[in-house]
Every structure is written in structure tokens, then in C-alpha cells.
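1. the following comprises the amino acid sequence and a computationally predicted model.
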2 protein chains.
Amino acid sequence: MTVDLQPARRATSKDVAASAGVSRSTVSQILNGDERFPAETRARVRAAAEALNYRPSRAGRALVTGLSDIVVLVVPHATFGPHLQDSVDRITGASATAGMSVVVRFARMQDETTLTSVLDLRPAAVVDFGVFTSQQRERIEASGTLVVPRRAYATEAADPDPIDIEIGRIQVRELLRNGPRRLVYAALEDKRLDPFGPPRLEGIRREAREHGLELPLTPRIPLDVHGATKTLKEVRDKAGTGPLGICAYNDDVAIAVVAASRELGLRVPEDVAVIGVDRTAVGQLVSPRLSTVAIDQPLLMDALVQELAGLSTRGADVDSRPHELDLGRVLELVRGETT
Amino acid sequence: MTVDLQPARRATSKDVAASAGVSRSTVSQILNGDERFPAETRARVRAAAEALNYRPSRAGRALVTGLSDIVVLVVPHATFGPHLQDSVDRITGASATAGMSVVVRFARMQDETTLTSVLDLRPAAVVDFGVFTSQQRERIEASGTLVVPRRAYATEAADPDPIDIEIGRIQVRELLRNGPRRLVYAALEDKRLDPFGPPRLEGIRREAREHGLELPLTPRIPLDVHGATKTLKEVRDKAGTGPLGICAYNDDVAIAVVAASRELGLRVPEDVAVIGVDRTAVGQLVSPRLSTVAIDQPLLMDALVQELAGLSTRGADVDSRPHELDLGRVLELVRGETT
DNA sequence: TGCTGCTGGTGTCACGTGTCAATAGCGATG
DNA sequence: CATCGCTATTGACACGTGACACCAGCAGCA
């Protein structure tokens, strides 16, 4: 038995054409969804393509269209929790169906090289999880690439994402359940990594105002015992000895706050109530078990996927209005032992 | 002032050629490092390319070479801890210098669609963090793509990665520090996600044998209190009431073990000693603070980057022998309160 | 018949690049 | 002077695709 050592040349549209007994351009048009060919011919070409396991060359296609069939997910560093991984899965699966390749790019915010790099890739679509400024988005769109925002229904870039606003509000309401507290927003140490901070803080502010409370303090909490303890101590010095209500950026930060409280001999939740975001597995394993806000990522992703779907049916105007998300379905309060 | 609304056509090699007053093929050859042109011409062409901000079209290049300049990092799902993100950073930075675009693909193990998808991308190189079987690797290499293994110096695919073996040994030695214990390897619940389990278990086995101990039990620990407790109880039923020494797959699993011990009223570390891997921030924040094995990811990555470097200087044979890693520098025991 | 319109399909161009045989110029050699 | 060899450079081709103008054949109609 002889083995061909050639790198297994892929079938091209030419091969399909020969096999189906038509011209190459016929193949191209049928495979791109041209309806005007009779059903019999279309079936024959499709069968031949199938039989030869034909997959159009990305390079060839990209060369002529000016776009590739790559979808780039641009994710800010700190965001990548375990749940986001599920989200990526979701998008990957859906896009594979549409013949797109999904690929992830991590980025620091306000990093110009990321923009260059994404532009170089000339992707069909960019899913932006909050890395780019609206100006950068425009540059990407100007190059013919679809930019799908996380905030699918934000009318203006300046509008804070209603989801993040709602997260802040839920956190505050839970913290205030057993009486008033001095509110604190515990941000990530590295502000550059935090695209969600400002809108969440805005939600916290609004809810605080409605309860007639002072505006929240906004310390940045490092993820180590010593640093977190030091920061929490400073917060106490500033806020006085009354009970604190701390909205954490995520469950990791919340755990840091719990650790710092333990270090300072403060009781949780009596002296320091804290609530995270994400419902990570670890957050439910530690003692005291974290109160947190769970986000239904798959649901959020499906909204994106719907927008992406427009890519496969090129030009055909599917109903691509971003459907309104029901916030109540996306967010869920998980009550633990820290509030 | 008139603004051009055109999608800002990129400069092509033709533009560079016109600007430098040479032919397009001259540009192509000089920019690809052909030495036989006189220094003056080379400088002129380079300057023109620079001035026009010329970047060769990936599509055009891919079409003719059959390869793209994309580097794909294939990462198994469960592996993606916070540190691996740093690793990706490292590779991205280094590859950007070489003109490569780094991109991440998540994968379940033994997933055929991942292979197809990677093959479709026709990347210049694939960095495999343990997703592909050696047979799949061969298929990728057959298509002309460089496959860079994490285990840079494994001579045979069947060889367990010495790093993982060493991790297992370090864990066991630390667990046995205060006397003999019944050893347990706490794996992830989903075995498909775990490329490192088998080699680590092998390290644990070897160390156990050298200490004259029984072979370890290998329960799979779910990441929730109820499930972890149930599993730990079963382990105890099987192992008897003597002290347990548990090597966890990572810090998250270790935290689950601690939670289960708490639930069962077992003392840590007296009744149940446990040690993780990764030194996550959270692991150092919880109480009791985790004992764990830290991996110097950047160091590991540099070994990979070195291999990748061969890609930019095409054909020129740089010294691409994977340099021997000093295990002692890569791994570090972090003693917490759980051993 | 001559014209129109429709159906089913084809030929050709353009995209941007890398490779390589070929060439023009030019001094040196026989 | 003819030939050779060397240097610097170029022209032409191939890669695989999508778009689009175009064509053959045929039916319908005045």
C-alpha cells in the first residue's frame, strides 16, 4: 500500500466544477446562494462539493472580497472568567455553522496595537467586549467590518450599558436589605482592565441617590491579603465606623474584601456586607459563601449570535434588529452569607 | 476640508514599487530578505515601504504560499486560569515582532471540529497546549504547519511531560512532610478537559512508590459544595479513617476539597492535607490559605517563543534546538496552611 | 421573418503576493 | 572583436475566488 506523502491538496472550485460537469463560475455562484439556477443543477453541484469535501479557500475569497471569514472576539484581560469561556463556546459553535472561524484576541484597553492587529486581520466581524472606544469602532467599521457591541441595544456610545447599571442597582438593593450602610464600589486594581466599572458605578450611584445615601467610595482592591487589608483599612478611616456595604467588581474582588475583613477582625456581613458579580464556582465554595449577581451569559451571547447570523446570508436582510433583552431573565441575585 | 470616505485603501507592493522607482517583484524580494540587492536599493525600498505604511496582504501572501501568518494557540477549556492569560500575552508580544498574528482557539479535547477548523485556518504555526493527539499533530504538520508542543523536549508523544511529573512529585513530598498519608489525586470532574491529569498522576505514582505507599485514589471532584462533599465522603469510606493527602488538579479543586472537609467536620491539614497547582490569587485569599505549586509561565512561554522565532527568518536555520528547561526554576512550592 | 425576453449558463477580469527564468548592462577575458 | 560571466533588475505566471457582462438557445409575439 502506497501512502501519498503530498500535503493532501485540497479540492478547489475547479475540481468541483469538473466533477459536476459545469463551469467554475457556476460552482461559485451556486455555492454562494444564487437562486436562479434550476434545482437539479444546484443539487448536482452541491453533491459534488460535498463528495470532494470542498471548502473554499479563505485566502482566495479574502483576496477578492477584501474581507476574511474570521470573526474576532476582542476580550479585555480581566474579564476572562470561567463563564466567558462558555460564551466563547457559544459563539464559536454558532459561527461554525455559518462557515466563520472564531478566534479570540486578548487586549489591554486603550492599546493601539490591538486595533492595528485587528485591522490587519480584516475580519468579517469584530465582537467587542468593551475594549475599543467608539472612535476606534468607527475606524473598524470604516474598513468594512461589522462591529458587534456587547451592549446590543445601546443607542449611543455614551449611554452606559443598562445591564451593568442594573447589576449595580441589584447589588445596592441587596446590601441595603437590612438597613442603611455606607456604600463602596470595590474596583479592580488595574483600572485599564475594567470596561464595566463606570456603568456599574453609575447604577450604584443612581440607586444610592434614590435611597438618599451618600455617593459611594471607590477604592481599588488588590488581589492579595496584605494589599486588600491596607485598602479596606483606608476605606474605614474615611467612612467612619458604621457598617459598610461593598459592591465588588467581581467574585474575586469580593473574596479579597472578605479576606481583608477577616484580617481586620470585622464581622461579615454585620460590619462589612459584600456582594460580587459572576457566581464563580469558587465564590460558592468559600466560607462565608458569597452573595453575588449571576449573569446568564448564554442568553447574552444569543443576542450577539443573532447579529452575527446576518453575515452568512450576505446582503439578504434578515431581521437584524437587536431584540430587546429582558433584564430580569439575564440577571439573577444569588444570596449567600455575605449580605 | 474634504474627507475621503473611501475605506482607506491600503498601500500595496505596487505602490511601494512606484514610489521607490523599481519593479514590484524587486520590492517583494527585498522585503522578504533577499540579500543580493545592493544596499542602496534595499534602503530606498525599505524607506518607501515605511513611508507608505505598507503591510503585505495576508490574503495575497497566503494564496501563493499556501500558508497564512497566523499563529493559533489551541487551549483546552479548563486550563485557562489567570496565569495562562499572561502566557498568551507573552506569545502575542513576541510574535507581533515577527509579524505574526496570534489568536486563541478554545477546544474540548478529542474534538474533531477543532482540528478541521485549525486546518482551515492554515496557520503558520499551532501552539498546542495539549489538545491534539499525536496523530492529529501529524496531520497538521503534514499540511505544512509548524506544531509547537508545550512539552518542548518530550522525545516521544507517549512520554509524560517531565514538568507535570515533577509537579506531582512536589505535591506528594509536601503532603508527606509530617508523616505518611493515604494519597489521593483529585481530578477535574470532566475528564475530557484535563490534558495534564495523566502525567501528574504518573508523577504522584512514582513518588508514592518510592515512599512505599499504596497507589493513589483518583476521584473526580465537582466544583460545588454538595458534590465535592459527597465525593470526599466516598473517598474516606474507601480509604479508611487515616489522614488523607490530596493532590488537587488546580487551586480551584483544592478549594473544593477544603470546602468539603469543612462540611464533613474534618480538620485541615490534620485529617485532610491538600495542595493545589497554579497559585491563583483567590487561593491565597481564602482561609485556610492554600498550599500550592506555582508555575513560572513566562519562563515556559519563552521556550515556545524561541521555537516560534524560527518562523520569521524563513528557512534560515537559527539554532532551534529547544533548550533544556531547568525544572527547579519553573516550579516553586508555595506553602500555605493546608499542608 | 425579425424582434424581444427569458432561462441556464460561461468567459474573463481583478484581487496582492512570491518565485523564478530571463534579460540588459557592462567590464573582463580570450 | 566576440564571448563569457557577473550584477541588478524585471516580466510573467500561478495561487483560488467572486462579480459581472455576456452568450446560446428557445419560446412568444407582431
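-> That came through, no problem.
2. how close does A:Gly93 get to chain B?
-> Distance of A:Gly93 to chain B, computed by C-beta to the nearest C-beta, to the nearest Å: 9 Å. Placement of C-beta: from N, CA and C, glycine included.
3. likewise A:Val147?
-> To chain B, A:Val147 is 14 Å away according to C-beta to the nearest C-beta.
4. neighbours of that residue, how many?
-> Residues within reach of A:Val147, counting by other C-beta atoms under 10 Å in any protein chain shown, total 20.
5. so where's the stretch 101-250 of chain A uncertain?
-> A:109-110, A:150-160, A:191-193 (pLDDT under 70).
6. what ranges does it have for its helices?
-> Assigned by DSSP state H, counting those that start in this stretch, the helices in the stretch 101-250 of chain A fall at A:112-121, A:134-142, A:162-175, A:197-210, A:225-239.
7. nearest to B:Leu146, of the ones you listed?
-> Evaluated with C-beta to C-beta, the helices of the stretch 101-250 of chain A place helix A:112-121 nearest to B:Leu146, the distance being 19.8 Å.
8. hey, what's the closest residue to A:Ala208 other than its chain neighbours bridged with?
-> Spatially, and ignoring its direct neighbours in sequence, A:Ala208 is nearest to A:Leu183 (5.4 Å; C-beta to C-beta, 6 or more residues apart in numbering or on different chains). Using DSSP bridges, the bridge partners assigned to A:Leu183 are A:Gly245.
9. wait, what's in contact with A:Leu183?
-> A:Val172, A:Leu175, A:Ile204, A:Ala208, A:Leu213, A:Glu214, A:Leu215, A:Pro216, A:Leu217, A:Gly245, A:Ile246, A:Cys247 (C-beta atoms under 8 Å, 6 or more residues apart in numbering or on different chains).
10. which one of these is nearest B:Gly144?
-> B:Gly144 lies nearest to A:Cys247 out of the contacts of A:Leu183, by C-beta to C-beta, at 52.3 Å.
11. what number of residues lie near the nearest residue to the closest one once chain neighbours are set aside?
-> Leaving aside its sequence neighbours, A:Cys247 sits nearest to A:Gln171 (C-beta to C-beta, 6+ apart; 4.1 Å). Neighbour count of A:Gln171, defined by other C-beta under 10 Å: 29.
12. residue contacts, A:Gln171?
-> Each residue near A:Gln171 by C-beta under 8 Å, 6+ apart is listed here: A:Arg200, A:Gly203, A:Ile204, A:Cys247, A:Ile275, A:Val277, A:Val293.
13. show the subsequent helix or strand relative to the strand or helix carrying the fifth one.
-> Take DSSP states H and E as the rule and A:Ile275 turns out to sit in strand A:272-277. For strand A:272-277, the succeeding helix or strand toward the C-terminus, using DSSP H and E, is helix A:281-285.
14. residue closest to the middle of chain A?
-> A:Phe129 (4.4 Å; C-alpha atoms, centre = their mean).
15. okay, now A:Glu263: neighbour count?
-> Other residues lying near A:Glu263 total 16 when counted by other C-beta under 10 Å.
16. wait, it sits on A:Gly227?
-> No. With contact defined as C-beta atoms under 8 Å, A:Glu263 does not count as touching A:Gly227 (11.0 Å).
17. enumerate the residues of the stretch 1-150 of chain A near DNA strand D.
-> By C-beta under 7 Å from any atom of the strand, the part of the stretch 1-150 of chain A that sits against DNA strand D consists of A:9-10, A:12-14, A:24-25, A:28-29, A:31-32, A:54, A:56-57, A:59-61, A:63-65.
18. of these, which ones also sit close to chain B?
-> A:Ser57, A:Ala59, A:Gly60, A:Leu63 (C-beta under 8 Å from any C-beta of the partner chain).
19. helix or strand for the second one, which one?
-> Going back to what we said before, that points to A:Ala59. Under the criterion of DSSP H and E, A:Ala59 resides in helix A:58-65.
20. so is that helix next to DNA strand C?
-> Yes. Using C-beta under 7 Å from any atom of the strand, helix A:58-65 reaches DNA strand C at A:Gly60, A:Leu63, A:Val64.
21. contacting residues around the nearest residue to A:Arg181 once chain neighbours are set aside?
-> For A:Arg181, ignoring the flanking residues on the chain, the nearest one in space by C-beta to C-beta, 6+ apart is A:Gly245 at 3.4 Å. Taking C-beta under 8 Å, 6+ apart, we find A:Gly245 in contact with A:Val172, A:Leu175, A:Leu176, A:Arg181, A:Arg182, A:Leu183, A:Val184, A:Ala273, A:Val274.
22. any idea which of the residues you listed has the most stuff around it?
-> A:Val274 (30 neighbours).
23. run a quick neighbour tally on the residue nearest to that residue when sequence neighbours are not counted.
-> Take A:Val274 and drop its neighbours on the chain: the residue closest to it by C-beta to C-beta, 6+ apart is A:Ile246, 4.3 Å away. Neighbourhood size, A:Ile246 [other C-beta under 10 Å]: 33.
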